[in-house]
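Q: My questions are about this predicted structure, shown below with the sequence.
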Amino acid sequence: MDTILQFFDTNLIMIYLLVFTIILGFEVISKVPTVLHTPLMSGANAISGVVIIGAILLIRAANPNDFLTLGLGTLGVILGMVNVVGGYAVTDRMLEMFKKKKK
Amino acid sequence: MDTILQFFDTNLIMIYLLVFTIILGFEVISKVPTVLHTPLMSGANAISGVVIIGAILLIRAANPNDFLTLGLGTLGVILGMVNVVGGYAVTDRMLEMFKKKKK
Amino acid sequence: MLGSIVNLAYLIGATSFVWGLRQLSTPDTARKGNLLAAFGMGIAIFATMILPMTGVANNYPWIIGGMLVGGIIGFFAAKKVQMTAMPQMVSIFNGLGGACAVVLAMTELVHYYDRTATLSSGQLFIVLTTLLIGAIAFTGSMLAFAKLQGLVWDSQVTLPKHHIVNYILLAATIGLTAYVYMGGVGLGMTMAIGLMVLSLVYGFSFVAPIGGADMPVVISLLNSFTGLSAAAAGLIYDNNIMVVGGILVGAAGVILTVLMCEAMNRSLFNVLIGGFGGGAAAAIGADGDQVAKTVTINDAAIQLYYSQSVMIVPGYGLAVAQAQKVVKELDDLLSSNGVDVKYAIHPVAGRMPGHMNVLLAEADVPYPKLLDLEDANNAIPNTDMVVIIGANDVVNPAALDEPSSPIYGMPVLNVWEAKHVIVMKRSMSPGYAGIQNQLFFHDKNKMLFGDAKDSLQKLVSEIKTL
Amino acid sequence: MLGSIVNLAYLIGATSFVWGLRQLSTPDTARKGNLLAAFGMGIAIFATMILPMTGVANNYPWIIGGMLVGGIIGFFAAKKVQMTAMPQMVSIFNGLGGACAVVLAMTELVHYYDRTATLSSGQLFIVLTTLLIGAIAFTGSMLAFAKLQGLVWDSQVTLPKHHIVNYILLAATIGLTAYVYMGGVGLGMTMAIGLMVLSLVYGFSFVAPIGGADMPVVISLLNSFTGLSAAAAGLIYDNNIMVVGGILVGAAGVILTVLMCEAMNRSLFNVLIGGFGGGAAAAIGADGDQVAKTVTINDAAIQLYYSQSVMIVPGYGLAVAQAQKVVKELDDLLSSNGVDVKYAIHPVAGRMPGHMNVLLAEADVPYPKLLDLEDANNAIPNTDMVVIIGANDVVNPAALDEPSSPIYGMPVLNVWEAKHVIVMKRSMSPGYAGIQNQLFFHDKNKMLFGDAKDSLQKLVSEIKTL
Amino acid sequence: MKIGIPKESQDNRIAMVPATMKKIASEQVIFLVENNAGVNASLPDTTFSEVATITDRATIFQDADIIVSVNPLEDAELSKLKKGTLLISMFAPYVDDSIIGKLKDHGLQGVSMDMIPRTSLAQAMDILSSMAAVAGYKAVLTAANHLPRYFPMMITAAGSIRPAKVLVLGAGVAGLQAIATARRLGSMVEAFDVRKAAKEEVESLGAKFVEVEGAADDSAAGGYAVEQSEEFIKRQRAEVQNRAAKADVIITTAQVRGRKAPILLPKETVDKMKTGSVVVDLASSTGGNCELSKDNEIVIHNGVKIIGNSALASDMPQDASTLFSNNILNFLKLIIKDGEMVLDMENEIIKSALITG
Amino acid sequence: MKIGIPKESQDNRIAMVPATMKKIASEQVIFLVENNAGVNASLPDTTFSEVATITDRATIFQDADIIVSVNPLEDAELSKLKKGTLLISMFAPYVDDSIIGKLKDHGLQGVSMDMIPRTSLAQAMDILSSMAAVAGYKAVLTAANHLPRYFPMMITAAGSIRPAKVLVLGAGVAGLQAIATARRLGSMVEAFDVRKAAKEEVESLGAKFVEVEGAADDSAAGGYAVEQSEEFIKRQRAEVQNRAAKADVIITTAQVRGRKAPILLPKETVDKMKTGSVVVDLASSTGGNCELSKDNEIVIHNGVKIIGNSALASDMPQDASTLFSNNILNFLKLIIKDGEMVLDMENEIIKSALITG
Ligand SMILES: NC(=O)c1ccc[n+]([C@@H]2O[C@H](COP(=O)([O-])OP(=O)(O)OC[C@H]3O[C@@H](n4cnc5c(N)ncnc54)[C@H](OP(=O)(O)O)[C@@H]3O)[C@@H](O)[C@H]2O)c1
Ligand SMILES: NC(=O)c1ccc[n+]([C@@H]2O[C@H](COP(=O)([O-])OP(=O)(O)OC[C@H]3O[C@@H](n4cnc5c(N)ncnc54)[C@H](OP(=O)(O)O)[C@@H]3O)[C@@H](O)[C@H]2O)c1
Ligand SMILES: NC(=O)c1ccc[n+]([C@@H]2O[C@H](COP(=O)([O-])OP(=O)(O)OC[C@H]3O[C@@H](n4cnc5c(N)ncnc54)[C@H](O)[C@@H]3O)[C@@H](O)[C@H]2O)c1
Ligand SMILES: NC(=O)c1ccc[n+]([C@@H]2O[C@H](COP(=O)([O-])OP(=O)(O)OC[C@H]3O[C@@H](n4cnc5c(N)ncnc54)[C@H](O)[C@@H]3O)[C@@H](O)[C@H]2O)c1
């Protein structure tokens, strides 16, 4: 209990940030027209590819001889990169449909 | 320049928080129907009465004999309290109008 | 432990502010949102009272006394105020918030200059910022209040070339702030007071040239200022909820200001550059020294929506705009919300006998809703709102009270006997008979300029959002 | 200095994510929003590359190699995929994101158990959470992909009493996680691998019973999981943008999932309890073993809005619903957006000769927009969308290809020759001639059930939001 | 094969118009049109010159294999025709079936267009429908022309005029068209019919169906249903009389095939009507829906004009002829294959229409 | 004071109806109505019994102080009236002002309702307006009844009928009403008038104004304006002839007060019209807008029916009489104060209307 309290007090601003980010996440999405559900899902998915940064950090910190870590890290980078690049590209393609008109 | 950078780095999370709060402030308001402009302004105004907390802190920390500070602080509390209580009450009255119908 | 609880309380308070504001921006939940924000404020104030502080005197009696006094004043002021005077009230409240920030900043400066406390250069900067912004918010709001309350005429508070005066004042204020900042603790209290006075003067002068009709926008902007000053004060006391709450209001206020300008079809710049504000809006309806009041789509929508009974008076303009189907839509919309909608058909409305009948039949308005002159004139005194759509001669009071008028003696619809009247037309130009219409300047009347179909369509969309 | 720049870059990146998502939720700005988010990601990745780290080997070639491989795969996969297979693709991408989190967590655990690194208890908790959530997102997404792609039948991946099996699996997974957490470093890698496998199995089993039609909802939920796992991973590396980005996506994903459920008129619980998903939606239009596909108002609105040409086929149902004015509104709305709208009037539509003419004239549809049978049938093959409003017999293909049908030989509108067809009616019941209509089960056709006026009104509102 | 179109003696219409003939005329199918046959339908002989031979009645009778006419030929003329000739017309055998014997006596074949089944499939040949639609439209115009009052509402400087009340009895094809037309002209329209579907059909044109309050009664279940419903129908009848008494215009179209038209407007009701009101009775040829109406006459009773006219389509001859002609064309297409007449008795439509079959 | 209402000899209307009389009848103001005066307007004598004395024509002529009639009395009858009697009628002195002399010769006073100024104020007495509105409405009904074709579009199993094209020339009161009525019936309506405001007025009824493309030309400034505008008008005239040739129905209402009606439809245009088309010429009494029209006759030219009728209001006598009567009432209110007749020559309306003043 005490550790939790302490954690809470020391990371207070971080927690504010998390709470506000969650609210922002809700807020930003809450009025989306149904048309955009799929592209939005896709776009959000691309953002979740941010996990790739973890893989990059992992590799950078790895011992150059620790091939296990390097291998796993690189696998992570590949997976993350597919998610990121593919995600943004596929979203863009979906959204291309929408540009046609609009007075 | 260096102090600014340092300030930036040490208060990084706080700055995230500020930026996100600003975005939240924008976001939350951005789709308000014109009808609600005045009540919303009033409600936001009541929130800005949060400055009263400063006055409370000021008084609490003041020397009990420092009547200047106590006096000013109490003035601050009064001003802030008028803003807070009056603000919420007046907003509520405005919004009462809206409850009449709504299928 | 207690500290954690306070922190948690602050977090909850801050979240309540955010969520409350969010709910405030939807009609359905607005009231709940306000309560939520108030709840957040209550929690935050309470937490501040119990916040663990070591070696302080607390001086609770002072605090509680102040809160009682302020609370009672605020409460009764809010309850007593007339519905129509709400914006003024908000303005006063906002000004007081700004004043509070000024008081806080000045107290810090007092201690700073009498060296009972020290301020780092960052803190000094923050304190001065609080002072500056708070002061502008204070006097600006007070003047805005006075204008809305009709205590001052626009012209009385404007100097020649006022916006240039304003630029100079602003420069002077900022310059003095910088000077005080650089000057350090040696400078002494006088300078600080000078800065305060200058800021207060600037706040006043900033609002002075802006027209009365634009006051709501200004209040919203000043509200944003108060928020920012609260946030700055929060930095002085290193208090999260003040910072977050203040910033939130600051940001929301800016956006709201912009939205309000948009709703008026003006740019913020256009409003702030001042002088044109009040003039431009009123000029449209000016005729000699008479001024016809205009109404925004938004206000018209609310008025209609919350009326018990509405009388629509169609005229030739309805036919020209071919707005008959939109009128029917408006009718349906209002009727389905329990408003009693009728049509007053003047016998000579339009350009041929039965012109209005043809149009309204086309839009499928049921016959029983159409009242002829006599029935309509009987019904009008009990009508909340009369909406005149492109009619003119047939609602001209000159027919009754101006023996020199060419239409003197013609029976007209006595629309001014209703509680409120809205006239939709494109301009102030006269109708078929070519004579000016005093109705437009009548106390109860507001103009809604624009093509009738257009205006009606906007009204319909607006009412749908209610 | 460089550290500050990286921090700033991260801040910009995180803000881009937020603002990008925000823009993504409005059609007008969606594309810009996606680009903005991509820009944020680019900046974040670049910043991570140059982030000052002391005493590390960097191993850039590995990173860049991996990025190239992944980037190329992702890019081409995205470019090649069929428009209709988009949701599958998103599902795969999402699964890979989850897999990446799993890889990261496993790497940490490897180091932890071979004692080349230590983890505080908090860190261990975070790593296990990352593993758990990432694994569920991974296999869940892969199964969702397989289902959408038609690689598996729903029934093949469901066990009897599957949701009870799921509860047990979930309990086991959480139990094992707790055990590993408590067990400490002595427990060894095997247990960790066991946990991973169990999590992967649970992810699979979780999605298994959910019907194919509900897959988009599931993908959105799993997307939220991936976001959370990224955020958790961010905590491992104490990296702000991962945390912020992950949490943002996590929250957005949850809301989006709820919205998607709402749009389908279902609760999230209802979807997740599984099994009913696919069945319920399709049941409405079932006839023996034939199933008529339905379309949501939303999809119908998009299809109409983005068509080049729309042919409206009115029938007796239009008259019964008295929907002629709403049809006109739809027409106006589409026409003003550049859609070419025509009406195909079948000679016997309605219940009297000229029935449709009377109605459409009442709504003021210009005569040149009305095509008779022959002209309409000539135009239909070049029409993007046919919208059938309460017509039935007059669009029944039995007239052409079913000699036993009582209407065999009657000329009908060959609507199935258009690219897409939507039929609006209240049920599957037959029309005047009392015979079933195979059109409803046609490949190109979707049903929009409900009173025609109602459906049209909803369509109009929906299109206005586009 | 030759198809003859004689001039109608009592009717402004013509059975086939040039635009339609063009669609089937060929070297095998030749049209013979009597002099001035179309002139009353604003189709002078010149308009036929491209698709038909203009000739005299006798030649047509001698040469034609098929003779198409709106109304049946006089009995006396039947003997002038070649044996085996196919007569296409509206014989109304359900009214008087002696015609069948007469045709057979002269060795003629007869197709009665009014015997074509009223199915969706056959609607393209349904002459009853197309003519009824014209009649319904014309009935309202006739009424409006005879009514000494406005149809639409008018609020004018010279006083306010309430809209005319129009009551349509019988909401079949003619009735529905009358409803639509009367609504167009701005009157208040009510209608009544005994068919179950009629209520929905009437309302689908935006008019009111005459119903007695408390119609929900018959949602009560069980054995009472029938009895209650009879009581209800009775009250409804009474209500119809009520409305009729208040109407400015009544248009009656109720017919029951092969039977005398039902009396929907007894004399007492007419007695209660306002002077100047108008009744148009489209059922007058089968006795009339109004007790007082006489076929092809205008009766004035108590200031109420009762116009009995079952052939109003003849008053709008050009479009009526066009529609009639199209119906005929669609039928001809059914029986003429490659220029030869084939009467396929397997075909439901031909079987029903060929009264001599 | 006694107000006499004689029976019209050539018209179905009656100058005053009971409902209106009731509003002014009193002990001082007594109405004398000729036997059967209202019968053609569906107002039998019984309907007058409460408000008027039914009597014979001679009595009325002897007793009445004011005589109101739709059409002027025969010249021969003027001598039978008391001296000083006020005659209220439509004398049309702008057509033939000899009537003024005749009235004066017999010592009579005359109010010509058609001389009342066309201002907003006087509209309640503007008989030209109320009658023109009836005429416009009736003109369309008449045309629709004579046209051998449908007005509205009909896509039916028996073929598709294109909507009738109606062209209205002269968009004054009658023209506008005709436009509205024709649009109601579902036809395609175009209209033309020389007045500047007409375009907006026509469009305010949803119809098309006949305009030549390139009307924007006259936005060009300077001295060319006039010349260009003449060229434009010429092209517009040509365009009107063009449209006329394609129209199914043409309704002409163009009049220029006190002058012969302008010829808007020369014979050449009629020559180009389709057989069966109909022209209704409301200006026929002043010579007609169509070169071929004859007042109160139906001329058939080349299969085109040209109906010349300037008194169509008489064909809808009941409502027309009501409106007329209201107009008269409003005028009577102006000149009768406390049962006495006061002809206040200061009053603009009375001054204009009193042709013998
Ligand atoms: N009923 C008849 O038989 C008949 C016949 C001839 C003349 N009149 C005369 O016409 C007049 C009728 O009175 P009224 O009140 O109906 O008409 P009115 O007095 O002519 O006034 C019509 C008003 O509509 C406005 N308007 C025009 N187009 C518009 C549009 N698109 N959107 C919004 N407003 C529009 C005009 O003002 P803006 O330009 O500022 O928009 C104008 O002031 C009377 O004077 C009557 O005597 C009647
Ligand atoms: N034109 C004529 O002169 C004439 C005369 C008599 C008969 N008919 C016959 O009538 C038929 C006309 O064909 P059609 O396609 O127009 O009509 P239909 O075949 O009768 O089909 C009409 C469809 O409209 C739907 N509907 C009814 N009310 C509705 C509402 N409020 N909202 C949405 N849908 C509604 C009904 O389905 P749900 O119940 O599922 O909603 C029905 O299937 C032909 O068979 C024709 O032969 C024509
Ligand atoms: N299949 C098709 O496409 C098609 C085409 C045309 C007509 N029809 C159907 O044929 C039927 C008859 O049409 P019609 O116009 O030739 O009918 P009709 O001329 O024989 O009769 C006219 C109407 O009078 C009604 N009627 C009879 N007795 C009545 C009474 N006592 N009181 C009130 N109303 C009474 C009938 O119900 C009918 O609606 C209708 O059901 C119509 O829908 C079908
Ligand atoms: N003040 C009022 O309230 C009131 C009431 C009724 C009418 N008016 C006005 O009186 C005027 C005349 O109305 P009216 O119906 O009695 O007119 P009218 O019967 O005298 O003429 C009918 C129309 O024919 C038009 N016309 C004349 N020559 C023409 C030509 N060569 N080509 C085409 N059109 C031609 C006229 O412009 C007029 O619009 C109109 O301006 C009308 O608005 C005013």
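A: Received it, and whenever you're ready, just let me know what you need. Residues are numbered from 1 along each chain as shown, chains lettered A, B, ... in the order given. Ligands and ions are numbered 1, 2, ... in the order given.
Q: Helix or strand: which one has the closest residue to A:Val50 other than its chain neighbours?
A: In space, A:Val50 comes closest to D:Gly245 once its chain neighbours are excluded; the distance is 3.9 Å by Cβ to Cβ, 6 or more residues apart in numbering or on different chains. For the C-beta atoms, the positions are set from N, CA and C on the backbone; glycine is no exception. For D:Gly245, the enclosing helix or strand under DSSP states H and E is helix D:240-263.
Q: May I see the buried residues of that helix?
A: D:240-261, D:263 (16 or more other Cβ atoms under 10 Å in any protein chain shown).
Q: Which single residue in the stretch 201-350 of chain E comes nearest to ligand 1?
A: E:Asp248 (24.1 Å; Cβ to the nearest ligand atom).
Q: residues near that residue, how many?
A: 24 (other Cβ atoms under 10 Å in any protein chain shown).
Q: Please report how far the residue of the stretch 251-400 of chain C found nearest chain B lies from B:Ser48.
A: In the stretch 251-400 of chain C, the residue that lies nearest chain B is C:Ala251 (2.7 Å; Cβ to the nearest Cβ). Distance from C:Ala251 to B:Ser48, counting by Cβ to Cβ, to the nearest Å: 12 Å.
Q: Can you work out which residues contact both of these two?
A: C:Gly227 (Cβ atoms under 8 Å, 6 or more residues apart in numbering or on different chains).
Q: any residue of stretch E:44-55 up close to chain F?
A: Yes: Stretch E:44-55 lies in contact with chain F when judged by Cβ under 8 Å from any Cβ of the partner chain; the contacting residues are E:Pro44.
Q: Pull the residues that contact that stretch.
A: So stretch E:44-55 is contacted by E:5, E:18, E:21-22, E:25, E:30-39, F:275, F:303 (Cβ under 8 Å, 6+ apart).
Q: Is it possible to mark the buried ones in the residues you listed?
A: Using 16+ other Cβ under 10 Å, the buried ones in those are E:5, E:18, E:21, E:25, E:30-34, E:37-39, F:275.
Q: Per-residue pLDDT of residue 89, please?
A: Just so you know, I chose chain A. For A:Ala89, the pLDDT comes out at 94.
Q: Chain E is the one I meant
A: So, for E:Ser89, pLDDT stands at 96.
Q: Same check on the one 10 residues further on?
A: At E:Ile99, the model reports a pLDDT of 93.
Q: same deal with A:Met1?
A: For A:Met1, the predicted pLDDT is 63.
Q: Tell me the bridge partners for E:Lys208.
A: Judged by DSSP bridges, the bridge partners of E:Lys208 are E:Glu190.
Q: so C:Val81 makes contact with B:Ala89?
A: No: in this structure, C:Val81 is not within contact of B:Ala89 by Cβ atoms under 8 Å, at 9.5 Å.
Q: between those two, which one's more packed in?
A: B:Ala89 (24 against 18).
Q: which one is the more buried one nearest to, not counting chain neighbours?
A: Distance criterion Cβ to Cβ, 6+ apart; nearest residue to B:Ala89, sequence neighbours excluded, is C:Ala78 at 3.4 Å.
Q: For the residue most central in space within chain E, pull up the helix or strand it's in.
A: In chain E, the centroid-proximal residue (Cα atoms, centre = their mean) is E:Ala132; its distance is 3.2 Å. In this structure, E:Ala132 sits in helix E:127-146 according to DSSP H and E.
Q: Which strands or helices does that helix pack on?
A: Judged by 3 or more Cβ pairs under 8 Å, 6 or more residues apart in numbering or on different chains; DSSP states H and E, helix E:127-146 is in contact with helix E:173-184, strand E:249-252, strand E:278-281, strand E:304-308, helix E:317-335, helix F:127-146, strand F:154-156.
Q: Relative to C:Tyr167, which of these is closest?
A: Set against C:Tyr167 and scored by Cβ to Cβ, these come closest in helix F:127-146, at 64.0 Å.
Q: Buried residues of the closest one, list them for me.
A: For helix F:127-146, using 16+ other Cβ under 10 Å, the buried residues are F:127-144, F:146.
Q: list the helices and strands the next helix or strand after the helix holding D:Gly245 packs on?
A: Note on helix D:240-263: by DSSP H and E, the next helix or strand toward the C-terminus is helix D:268-272. With contacts taken as 3+ Cβ pairs under 8 Å, 6+ apart, helix D:268-272 sits against helix D:215-236, helix D:240-263.
Q: Dump those to a markdown table, plus mean pLDDT and distance to ligand 3.
A: Listed next are the helices and strands packed on helix D:268-272 as a markdown table, based on pLDDT from 0 to 100; distance: least, Cβ to the nearest ligand atom, whole Å:
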| stretch | mean pLDDT | distance to ligand 3 |
| --- | --- | --- |
| helix D:215-236 | 92 | 44 |
| helix D:240-263 | 90 | 40 |
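Q: quick one: the residue lying closest to C:Gly354 once chain neighbours are set aside and F:Ala320, what's the gap?
A: Computed as Cβ to Cβ, 6+ apart, the closest residue to C:Gly354 that is not its neighbour in sequence is E:Met154, at 3.8 Å. Counting by Cβ to Cβ, the gap from E:Met154 to F:Ala320 is 12 Å.
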